[in-house]
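Peer 1: Got a predicted structure here, sequence first:
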Amino acid sequence: MGFLLLGLFIILMLIGVPIAFVIGIVALLGITGIPYTPEATVPMKMVNGLDSFVLLAVPLFILAANLMNSGKISEKLINLALAIVGPIRGGLAHANILVSMMFAGVSGAAQADTAGVGKILIPSMLKKGYDKETAVGVTAASSTVGVVIPPSIPMIIFAGLTNASIGALFLGGIVPGILIGLGMMLFVYILAVKRNYPRSQAVEFKKFARLFLEAIPALLTPIIIIGGIVTGFFTATEAAAVASLYTLLVCMFYYKTLKVKDLPKILMDTLALSSLSLFALACASALGELMSYYQLGTAAQEFFTNNVGSEWLFIIILIAFFLFIGTFMDAIPAMILFVPVILPTALEFGMDPVHLGLIVVITLAIGLITPPYGLCLLLAAKIGDMSIERSFVAVIPYIAIVVIVLLFIAFFPEIAFFIPKAINPGLF
């Protein structure tokens with residue numbers, strides 16, 4: 001029965017059925033085939049999978065991102081980023097990466113970053129003489145930082161599955177996110193010198209000070225969110241609510257770029273985007289029940305115990321597996337399905353759950369720019385009016401950079417943890 005379900009899963013994927021429906025269909029047929037198990041088990045597990053206080057953070061962080069885009073906060077961040085790195089050769093591309101790092105510290109939603117930043121910077125880069133490959137590639141690739149630099153929706157989900165400290169995961173994501181951003185900027189600089197991309201004039205101090213002051217309310221958001229979580233002042237879900245409310249107030253009363261009449265559309269967009277992830281998550285919860293029935297967690301633990309004798313080999317297999325899964329599945333359902341399966345083995349090898357979480361989240365972030373699923377790649381390609389094939393070729397160097405940072409974090413975790421341990425040793 002298990003092999004038939006696996007074959008069905010592969011066939012449905014190959015004929016183009018959306019992954020959430022694939023997961024749901026396989027879960028329904030599989031659970032229906034279990035003796036003495038009522039069909040109502042599937043909807044019950046789907047509802048139970050969503051009945052979580054932690055999961056409220058998903059739509060709330062997406063709402064914060066949509067409020068940022070509608071309230072023109074992303075434009076404020078872009079202007080500040082251009083003032084900082086604009087004078088460097090290839091300044092617009094550098095600004096694209098830097099603003100993604102800033103955006104990541106506010107929303108935790110990579111797709112919102114691609115859409116908000118891409119709509120502004122991809123056309124601007126093309127007008128300034130950048131080729132489409134660079135404009136689309138750097139926009140899509142830099143968006144992946146959005147799920148590494150805190151706050152991060154996948155990190156919240158991982159913490160809920162493993163009881164890992166959300167504060168520790170958030171702090172642990174800072175160094176890898178910065179390293180990925182700096183690595184991409186180094187590559188862009190080499191490319192810019194080679195292709196003679198333009199740079200802008202240095203901004204006068206008075207203008208820079210004005211741009212910085214304009215962006216301060218937005219830049220304070222990650223400090224409020226991460227500071228509140230790390231100090232225990234509020235939970236991750238409450239942090240998401242605070243981020244949404246704070247962004248709303250800043251846009252409406254400080255920047256005055258948002259009106260009450262804009263809210264219904266923002267809420268509808270948030271519901272539409274949230275429903276995609278949450279429906280896939282609900283279906284994954286039902287499929288997780290089926291996987292428990294077949295005791296895949298125990299089977300995986302026995303396999304690794306008998307055939308994999310070292311932690312480093314386990315980590316390599318883990319990275320390769322999630323790289324593959326990320327090509328056709330969103331990070332949230334992927335973690336719901338497979339983290340409970342690999343967690344016991346990881347703990348047996350002596351891995352810290354926070355270390356495991358960083359590896360899983362960064363690896364699945366690469367899936368956002370790998371076809372056929374890669375949502376950030378699809379969005380950037382659509383904005384830049386470029387084929388998926390050309391877009392994927394454009395992001396390959398950036399994928400290599402993320403993989404290099406991932407391997408360093410995987411085998412030398414102290415690189416990620418030395419700053420968090422200095423800030424709050426009690427979390428580790």
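Peer 2: Right, received. Where do you want to start?
Peer 1: CA only for contacts and neighbour counts going forward, please
Peer 2: Fine.
Peer 1: helix, strand or coil for M351?
Peer 2: coil (DSSP: H, G, I helix; E, B strand; the rest coil).
Peer 1: tally of neighbours for it?
Peer 2: Using other CA atoms under 10 Å, M351 has 15 neighbouring residues.
Peer 1: And P35, by the same measure?
Peer 2: Using other CA under 10 Å, the number of residues around P35 comes to 7.
Peer 1: Show me the helices in the stretch 201-350 of the chain, by range?
Peer 2: For the stretch 201-350 of the chain, the helices defined by DSSP state H, counting those that start in this stretch cover 205-230, 236-249, 263-293, 296-307, 311-326, 331-348.
Peer 1: Between those, which one is closest to M46.
Peer 2: Proximity to M46 (CA to CA) singles out helix 263-293 among these, at 4.3 Å.
Peer 1: Tell me the buried residues in that closest one?
Peer 2: Buried residues in helix 263-293, defined by neighbour count with 16 or more other CA atoms under 10 Å: 266-267, 270-271, 273-274, 277-291.
Peer 1: what do you get for stretch 343-360?
Peer 2: So, applying 16+ other CA under 10 Å, buried residues of stretch 343-360: 343-346, 349, 353-360.
Peer 1: what's the average pLDDT for that stretch?
Peer 2: Here stretch 343-360 scores 92 as its mean pLDDT.
Peer 1: so can I have JSON lines of the helices of the stretch 201-350 of the chain showing distance to I122?
Peer 2: JSON lines is the format used below for the helices of the stretch 201-350 of the chain (distance: least, CA to CA, whole Å):
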{"stretch": "helix 205-230", "distance to I122": "21"}
{"stretch": "helix 236-249", "distance to I122": "25"}
{"stretch": "helix 263-293", "distance to I122": "22"}
{"stretch": "helix 296-307", "distance to I122": "44"}
{"stretch": "helix 311-326", "distance to I122": "25"}
{"stretch": "helix 331-348", "distance to I122": "26"}
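Peer 1: Which one of those helices lies nearest to F21?
Peer 2: When these are ranked by distance to F21, counting by CA to CA, first place goes to helix 263-293 at 7.7 Å.
Peer 1: Select the helix or strand of the protein having the lowest average pLDDT value.
Peer 2: helix 296-307 (a mean of 80; mean pLDDT, DSSP states H and E).
Peer 1: Test for you: state the pLDDT assigned to the residue at minimal distance from the centre of the chain.
Peer 2: When CA atoms, centre = their mean is applied to the chain, the residue found nearest the centroid is V147 (2.8 Å). On the pLDDT scale, V147 is placed at 87.
Peer 1: how near is it to L245?
Peer 2: 21 Å (CA to CA, to the nearest Å).
Peer 1: Which residues belonging to the least confident helix or strand of the chain are considered buried?
Peer 2: L296, G297, A300, Q301, F304.
Peer 1: what packs against it?
Peer 2: helix 331-348 (3 or more CA pairs under 8 Å, 6 or more residues apart in numbering; DSSP states H and E).
Peer 1: Residues touching the helix it packs on, excluding its own?
Peer 2: For helix 331-348, contacts defined as CA atoms under 8 Å, 6 or more residues apart in numbering pick out 154, 157-158, 161-162, 277, 280-281, 284-285, 287-288, 296-298, 300-301, 304-305, 325-326, 353, 356, 361, 364-365, 367.
Peer 1: Stretch 26-34 too?
Peer 2: Contacts to stretch 26-34, defined as CA under 8 Å, 6+ apart, come from residues 1, 5, 8-9, 37-39, 41-42, 283, 286-287, 290.
Peer 1: Any chance of TSV for these, columns distance to C251 and pLDDT?
Peer 2: Putting those into TSV (distance: CA to CA, whole Å; pLDDT from 0 to 100) gives the following:
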residue	distance to C251	pLDDT
M1	54	66
L5	49	84
L8	48	87
F9	45	86
T37	51	79
P38	50	81
E39	47	76
T41	44	85
V42	42	87
C283	36	89
A286	40	88
L287	41	87
L290	45	85
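Peer 1: Looking at those, which is nearest L258?
Peer 2: Using CA to CA, C283 comes nearest to L258 of the contacts of stretch 26-34, at 35.7 Å.
Peer 1: Count residues in the vicinity of the nearest residue to the closest one once chain neighbours are set aside, would you?
Peer 2: Leaving aside its sequence neighbours, C283 sits nearest to G24 (CA to CA, 6 or more residues apart in numbering; 4.8 Å). Residues near G24, counting by other CA under 10 Å, number 23.
Peer 1: residues touching G24, list them.
Peer 2: Contact analysis of G24 by CA under 8 Å, 6+ apart lists C283, A284, A286, L287.
Peer 1: List just the nearest of these to L80.
Peer 2: L80 lies nearest to A284 out of the contacts of G24, by CA to CA, at 40.7 Å.
Peer 1: what's the pLDDT at the closest one?
Peer 2: With respect to pLDDT, A284 scores 88.
Peer 1: So it versus G160, what's the distance?
Peer 2: As defined by CA to CA, A284 lies at a distance of 15 Å from G160.
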